[in-house]
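*Asks:* I'll drop the sequence and a predicted model, then ask my questions.
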Amino acid sequence: LFQFRTGHTPLNKHLQCIMKVPSPICQQCYHCEEMVHHFLLASPKYASQQLALQYKIGPQANHFKNLLSNQKCIKPYSAL
C-alpha cells in the first residue's frame, strides 16, 4: 500500500525513472504510462479484477483518491 501511495512500484513509470526499463508505457495497451492510477483503474490486463472490485466496493471504486485512503476500498484490494 505504501508503494502505491508513493508511486515507488514495480510499474513501468517508476521502473523507467530508475532506468530498469526503456519506456514507461503499459505493455498491455500501449496507450498510457503504466502507473498506479492506470494499474488500478484502466489496465486491460486486470479488467476482470477491476469489475469485481467495483461490484464489491460500489461507486467509490471509480475514484482514485478513495482507493488508497478509504478503508472500505483498501480492504478488498489487499485481498487480491
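*Replies:* Here it is on my side, so go on. Numbering: from 1, shown residues only.

*Asks:* List the contacts of Pro44.
*Replies:* By C-beta atoms under 8 Å, 6 or more residues apart in numbering, the contact list for Pro44 reads Gln28, Cys29. Glycine gets a C-beta too; all of them are placed from N, C-alpha and C.

*Asks:* next one: the lengthiest helix in the chain to chain centre, how far?
*Replies:* Looking across the chain with DSSP state H, the single longest helix is helix 47-57. Here helix 47-57 shows a centroid-to-chain-centroid distance of 13 Å under the convention C-alpha atoms, centre = their mean, to the nearest Å.

*Asks:* counting contacts, what elements does it pack onto?
*Replies:* helix 71-78 (3 or more C-beta pairs under 8 Å, 6 or more residues apart in numbering; DSSP states H and E).

*Asks:* circling back to that earlier point, I'd like the mean pLDDT over the longest helix of the chain, please.
*Replies:* Averaging the model's pLDDT scores along helix 47-57 yields 85.

*Asks:* following it, which helix or strand comes up?
*Replies:* Under the assignment DSSP states H and E, the closest C-terminal helix or strand after helix 47-57 is helix 64-67.

*Asks:* residues of the longest helix of the chain that come out buried?
*Replies:* In terms of neighbour count (16 or more other C-beta atoms under 10 Å), helix 47-57 has its buried residues at Gln50, Leu53, Ile57.

*Asks:* Kindly export it (C-alpha atoms) in PDB.
*Replies:* Output of helix 47-57 as PDB, limited to C-alpha atoms (Å, rounded to 0.1, in the frame of the first residue of the first chain):
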ATOM      1  CA  ALA A  47     -10.200  -5.700 -16.300                       C
ATOM      2  CA  SER A  48     -12.000  -8.600 -14.600                       C
ATOM      3  CA  GLN A  49     -10.500  -7.800 -11.200                       C
ATOM      4  CA  GLN A  50     -11.400  -4.200 -11.600                       C
ATOM      5  CA  LEU A  51     -15.000  -5.100 -12.400                       C
ATOM      6  CA  ALA A  52     -15.200  -7.500  -9.400                       C
ATOM      7  CA  LEU A  53     -13.900  -4.800  -7.100                       C
ATOM      8  CA  GLN A  54     -16.300  -2.200  -8.500                       C
ATOM      9  CA  TYR A  55     -19.100  -4.600  -7.700                       C
ATOM     10  CA  LYS A  56     -17.800  -5.200  -4.200                       C
ATOM     11  CA  ILE A  57     -16.900  -1.600  -3.300                       C
END
